[in-house]
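# With the sequence up front, the predicted model follows.
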Amino acid sequence: MTSALMLVIFLYMLSSAGYLAYFLGQKRFLYPISYGILLAGFALHTGLFIYLYLHFGRMPVHNLHQTLSFAAWALVGAFLLLRFRFHLKILGAYTAPLATLILIAAFFTPQTGQEPSTLFSSLWLIIHILVIFIGEAALVLAGGTGMLYLIQEHAIKSKNPRFFFKRLPNLEFLDSTGYVFIITGFTLLTVGLVTGFVYAEKVWGRIWSWDPKEIWSVVTWLIYAALLHERLVAGWRGRRAAIMAIIGLAALVFTFLGVNFLLEGHHDEFTRW
Amino acid sequence: MNLPAGSRPHTKPRTISPEALEIVLIGVNHRTAPVELREKLGYTETETENALISLRKMVSIEEVLLISTCNRVEVLVTTDRPKEAEESVASSIAAQKSMPAERFSSAVYSYTGDAAVRHLFRVAASLDSMMLGEPQILGQVKQAYRQAVEAKTTGVIVNRLLHKAFSVAKRVRSETGIGGHAVSISYAAIELAKKIFDTLEDKSILLVGAGEMAELAVEHLMRIRRTGKVFVANRTFSVGMELANRFGGTALRFEEIADTLEWVDIIISSTGSQHAVITRKDVKPVMRRRKNRPLFFIDIAVPRDIDPQINRLSNVYVYDIDDLQGVIADNVQTREKESLLAERIVDEGVFRFRSWFDSLDVVPTIVALREKLHAIAAAELQKTLHSTEFSEEQQQALEKMTEAMVNKILHDPTVFLKNPGNHRNKSAYIDLTRNLFNLDTDSS
């Protein structure tokens, strides 16, 4: 178990190194290699989850260790999925190291045993977790794209187009890719929230229970909704859209981790350690 | 001194002896002065003419040439008092541009002798250009020379120097790869456009001003990438229309620019306007209507046409000539090898010019000396022939004898003057010869 996870971490690390070297050294051949290694790591990671699912008979996301590991998996998954459509190669230099860091954090988080609960076996819950994680991963990618946008924009605006200028793609592409990431993420987040409400209705008999996680999820959802609305209506493109994507990312991270650590609620057990 | 009226309209008492002349070049360029200063120092055609004429009147200055482009102002003079001439030029610029000399003195470089010649050759050959190898500069130097010739401020030295400069420039262009490479403002601009826009195929371009530079930029842009529509806005509508026809574009009136900004994406501006043509106030409201789609201004005019403040607006990018330089710096490095070859051609040109310049001192001296002796001999011979009766044969013998004497007398001084030895001061001997035989006052 642990050794399999270590192998995944190792592969992600290797891929990160490859992506970073590709980014810094501009060596084209490094890109397919890094991509291949990431793919291998992801396959192994997926296998690990299937094994855990079969072993526990439910989604393996009931402590911080498993949740983080699942988040890393979703991030890589979303990247690989969106990569097909949008060839934003350089985002690998953001995704792979981030996934590696999350997985390393997971690795050092103790695996506490917990009471198997029937709460975790519903199909609604599986869809809720899967959809929301992949949606959030897409939004994390959108945040990363926003950061790349701001870096490239700064390089062009400051008229010192040296280091990043050559290495990063053009602004319009970053902007439109980030937009698609947000649409994808937002759609999945919406579906995830709805399935969550349905599930809550089933187990607790009420859709809304003023749980901090619920509140913050809706806040995050509203931020992205505002971003999309402004883009369509007022033409919030480029810099503003990028900044909003990063603000959204911050809200997302707080909803994901901060709420569980600082506030309490019925999502608590997912991050218990 | 009693020259026929009109032959040299700007005469002054000449005390300069040609041997002591030195070539001095004073200037500022894109390396020493920022665009803000350069655009203040730029000379219009009339200003150039006035400056040429007023500089020519200065006691220390013999010949003068003024080159003013958007990247440089260079004043080339021949003088026997380089220091004084330099000061005259600086104060002339200060007066013409009504700014204290201290404002630009730190940006000014000055070259004397071979260094000045080399600099001029490098400028003409586009080795000193902001865009290494850009083709316009040679035409601009030619234009400056034409103007100086028309103002009658050039002489034997500047004429020769400029013709040599043109031939060096042509050799550099034909024998090195410098001119052929697409190292140009347009190239840099396209690189930038590709980092702002995903594709250029659906982007429309607005040309403001129908200058040569803008023309080149669009030509280049259309050759490398297919683009959307091209619009040309020029103050003189007919000129704009002509250019628009060449690119299959549409001509616009100058007043329409502000409205056009809503649907064009790339603006290339190169007017000769002294003030900003497009200001922040024009652009800010447009961005909302554009739904913040990016807008890219390429300002290749000096003085600048596009208010630099516009760059502060979100999703709007303004690059002027200096900024574009930063983008192509990398390309220039790969051209280093070619420029080494070009520098060798320049060196050769400098060497050839120097030999001519040196011989210039000796040849007229020897010629004058020869003429003087022949004149004396002829005059004395005439006197003798008139006073006494000689037979035909005797006359011829006498003529032959005086001719031979003059030649024999001249032989050694001629040889000596042509080559006084390696470590001797040639011009000092020439000066001595001229004084000894009183060569300067005799001639008209």
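Now that the structure is in, tell me what you want to look at. This is a predicted model, so every value here is computed, not measured. Numbering: from 1, shown residues only, chains lettered A, B, ... in the order given.
# Tell me where chain A is predicted with low confidence.
Filtered on pLDDT under 70, chain A yields the residue ranges A:1, A:112-121, A:161-165, A:260, A:263-273.
# Run through the residues of it sitting next to chain B.
Within chain A, the positions near chain B by CB under 8 Å from any CB of the partner chain are A:152, A:156-157, A:159-161, A:165, A:168, A:170-173, A:176, A:234-240. Just so you know, the C-beta spots here come from the backbone N, C-alpha and C atoms, and that holds for glycine as well.
# Out of these, list just those in helices.
A:152, A:156-157, A:165, A:171-173, A:176, A:234, A:238-240 (DSSP state H).
# Only the buried subset of the residues you listed, as a ChimeraX command please.
Selecting only the buried entries of these in ChimeraX, with 16 or more other CB atoms under 10 Å in any protein chain shown as the criterion:
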select /A:152,156,157,165,171,172,173,238,239,240
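# which one is the residue in the stretch 51-200 of chain A that chain B sits nearest to nearest to, not counting chain neighbours?
At 3.9 Å from chain B, A:Glu172 is the closest residue in the stretch 51-200 of chain A, using CB to the nearest CB. Nearest residue to A:Glu172, sequence neighbours excluded (CB to CB, 6 or more residues apart in numbering or on different chains): B:Asp198, at 3.9 Å.
# So that neighbour belongs to a helix, correct?
No - with DSSP: H, G, I helix; E, B strand; the rest coil as the criterion, B:Asp198 is located in coil rather than a helix.
# quick one, phi/psi of it?
phi -70, psi -40 (degrees, to the nearest 10).
# Contact partners for it?
Applying CB atoms under 8 Å, 6 or more residues apart in numbering or on different chains to B:Asp198 gives the contacts A:170, A:172-173, A:176.
# same check, this time on B:Val117
B:Val117 touches B:23, B:161, B:349-350, B:353-354, counting by CB under 8 Å, 6+ apart.
# give me that answer again for 7 Å
When contacts are counted by CB atoms under 7 Å, 6 or more residues apart in numbering or on different chains, B:Val117 is found next to B:23, B:161, B:350, B:353.
# And these, which is closest to chain A?
B:Val350 (35.4 Å).
# close enough to count as contact, that closest one and B:Arg118?
Yes - under the criterion of CB atoms under 7 Å, B:Val350 makes contact with B:Arg118 at 4.9 Å.
# name the helices or strands packed onto the helix or strand containing A:Ala21?
Using DSSP states H and E, A:Ala21 sits within helix A:2-25. Using 3 or more CB pairs under 7 Å, 6 or more residues apart in numbering or on different chains; DSSP states H and E, the elements in contact with helix A:2-25 are helix A:30-56, helix A:92-107.
# Can you give the distance from that helix to the centre of its chain?
How far helix A:2-25 lies from its chain's middle: 17 Å, per CA atoms, centre = their mean, to the nearest Å.
# Would you mind listing the buried residues in that helix?
Buried, per 16+ other CB under 10 Å, within helix A:2-25: A:5, A:8-9, A:11-23.
# With adjacent residues omitted, what lies nearest to the residue in chain A that chain B sits nearest to?
Nearest to chain B in chain A, going by CB to the nearest CB, is A:Gly235, at a distance of 2.6 Å. The shortest distance from A:Gly235 to any non-neighbouring residue, by CB to CB, 6+ apart, is to B:Lys291 (2.6 Å).
# Over to B:Glu343?
B:Leu127 is the one closest to B:Glu343 (CB to CB, 6+ apart), at 7.1 Å.
# sec struct for the one you found, please.
Going by three-state DSSP: B:Leu127 is coil.
# which bits of the stretch 101-250 of chain B sit near chain A?
B:194-198 (CB under 7 Å from any CB of the partner chain).
# Can you pick out the most distant pair from the residues you listed?
For those, the farthest-apart pair by CB to CB is B:Lys195 and B:Asp198; their separation is 10.0 Å.
# Give me the common contacts of these two.
When contacts are counted by CB under 7 Å, 6+ apart, B:Lys195 and B:Asp198 are jointly contacted by A:Asn170.
# Could you list the low-pLDDT ranges of the stretch 201-350 of chain B?
Ranges of the stretch 201-350 of chain B meeting pLDDT under 70: B:210-216, B:220, B:223-225, B:272, B:274, B:302, B:325-336.
# neighbours around the residue of it found nearest chain A, how many?
At 2.6 Å from chain A, B:Lys291 is the closest residue in the stretch 201-350 of chain B, using CB to the nearest CB. Neighbour count for B:Lys291, taken as other CB atoms under 10 Å in any protein chain shown: 14.
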